[in-house]
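Q: need the 3D shape of this:
(one chain, ligands or ions: 1)
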Amino acid sequence: MSRVLCSGPSHATAEIEIVVDAMDRECSSAAAELIHARRTVLPKRLLAPGPDADQLHSLLGAAAAAPDHGRLLPWRFVIVPCAERASLGEVFAGALRARDASATTQELDRAREKAHRAPLLLLVVVDGQCGDPEVVLAERILSAGCAVQNMLLMATAMGFGSALTSGKALGSTALRQRFGLHAGEQALCFMSVGTVVSRRAARTRPTVPDYCSTLGPAPIHP
Ligand SMILES: Cc1cc2nc3c(=O)[nH]c(=O)nc-3n(C[C@H](O)[C@H](O)[C@H](O)COP(=O)(O)O)c2cc1C
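A: Okay, here's the model as predicted:
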C-alpha cells in the first residue's frame, strides 16, 4: 500500500488525506499490458469460436464493475443470437432504404451482411431517463463507456478480438422498435467479439501530452 498525502493550502484548517491502495508492481504492469494490447479488430475479421457460456458470463460481469453515479444502472446490453441475425439484417437494410430510397440491391445486401459478422454481437443501450434526473446523460454515457471498456479488456484478456461499431441505423425507428427501446433509451453502438483471423496494422496512439495538461494558478483579477 502506498500513501499519498494531498495537503490543502497552508491556511486550511484541515488536511485532505487521500489514501491510494496501489496495486503491486506485477499486477499494474499486467494491467498496462492488457490495456495497451486491446485493439479494434473489425467484425469482418472476427470468426467463431466466440465466447462460450462461462466466458460470456465473465464478459458481461465485467460491466458491473463500471462506475455508476447514483447506482442507476443506466445501461444495458442486448445480445443478438444467430437466429436473429437475419432479422437484424432486415433492420439494417430497412434503415438504409428509409434514408436513401435509391439504395441499390448491392448496397442493401451489404447492409444486411453486417448483421452476420462476429460470433458475439450485442447492442449497447443507455437510458437517459431512469432514476435521479440530477445524473445527466453525459454521466450515464460515460458509465456505459466504462462498462464497455471493462468488457473489451476482459475479451482481450481471454484472447478474443473485439470492436465497437456505430452507424446511422442505430438511430432508426426500425432498430429502436426491434430492440424494444423505450423513449428515454438510446442505442450507443454494437459490440462484436470473436476469434481474430486477421488484423489491420496497429494505429499510432496519442501520447500523454496530447490529452493531458496541468491546471495552472487562477488568474488574479484586480
Ligand atoms: C462508440 C464507438 C463507435 C465506433 N464505431 C466504429 C465504426 O462504426 N467503424 C469502425 O471502423 N470503428 C468504429 N469504432 C472504433 C474506432 O474506430 C477505434 O476505436 C479507433 O480507430 C481506435 O483504434 P483502437 O480501438 O484499435 O485503438 C468505434 C469506436 C467507438 C468508441
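Q: pull out the buried residues from the host helix or strand of Leu152.
A: Taking DSSP states H and E as the criterion, Leu152 maps to helix 137-157. Within helix 137-157, the residues scored as buried using 16 or more other C-beta atoms under 10 Å are 139-157. For the C-beta atoms, the positions are set from N, CA and C on the backbone; glycine is no exception.
Q: restrict these to those near the ligand?
A: Checked against the ligand using C-beta under 6 Å from any ligand atom, those yield no neighbours at all.
Q: next one: the lengthiest strand in the chain to chain centre, how far?
A: If you go by DSSP state E, the chain has its longest strand at strand 185-196. Relative to its parent chain, strand 185-196 has a centroid offset of 8 Å by C-alpha atoms, centre = their mean, to the nearest Å.
Q: what is that strand packed up against?
A: Secondary-structure packing of strand 185-196 (3 or more C-beta pairs under 8 Å, 6 or more residues apart in numbering; DSSP states H and E): strand 46-47, strand 120-127, helix 137-157, strand 161-165, helix 173-178.
Q: next SSE downstream of it?
A: Using DSSP H and E, the helix or strand that directly follows strand 185-196 along the chain is helix 208-211.
Q: that next one close to the ligand?
A: No - using C-beta under 6 Å from any ligand atom, helix 208-211 stays clear of the ligand, coming no nearer than 13.5 Å.
Q: follow-up on the earlier one: relative to strand 185-196, how tilted is the helix holding Leu152?
A: Angle of helix 137-157 versus strand 185-196, following axes from the mean of the first three to the mean of the last three C-alpha atoms, to 10 degrees, is 10 degrees.
Q: what lies in contact with helix 137-157?
A: By C-beta atoms under 8 Å, 6 or more residues apart in numbering, the list of residues contacting helix 137-157 from outside reads 34-35, 37-38, 51, 58-60, 62-69, 72, 74-75, 124, 126-128, 161-162, 164, 188-189, 191, 193.
Q: quick one: that helix to strand 161-165, angle?
A: If you take the same axes, to 10 degrees, helix 137-157 sits at 160 degrees to strand 161-165.
Q: just the C-alphas of helix 137-157, formatted as CSV.
A: Extracted C-alpha coordinates of helix 137-157, given in CSV (Å, rounded to 0.1, in the frame of the first residue of the first chain):
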residue,chain,number,x,y,z
LEU,A,137,-27.0,12.0,-19.9
ALA,A,138,-23.2,12.7,-20.2
GLU,A,139,-22.6,10.8,-16.9
ARG,A,140,-24.8,7.9,-18.0
ILE,A,141,-23.0,7.6,-21.3
LEU,A,142,-19.7,7.8,-19.5
SER,A,143,-20.7,5.0,-17.2
ALA,A,144,-21.8,3.0,-20.2
GLY,A,145,-18.4,3.6,-21.8
CYS,A,146,-16.6,2.3,-18.7
ALA,A,147,-18.8,-0.8,-18.7
VAL,A,148,-18.0,-1.3,-22.4
GLN,A,149,-14.2,-0.8,-21.8
ASN,A,150,-14.3,-3.4,-19.0
MET,A,151,-15.9,-5.9,-21.4
LEU,A,152,-13.4,-5.1,-24.2
LEU,A,153,-10.5,-5.6,-21.8
MET,A,154,-11.9,-8.8,-20.5
ALA,A,155,-12.4,-10.0,-24.1
THR,A,156,-8.8,-9.1,-24.8
ALA,A,157,-7.6,-11.0,-21.7
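Q: thanks a lot, catch you later.
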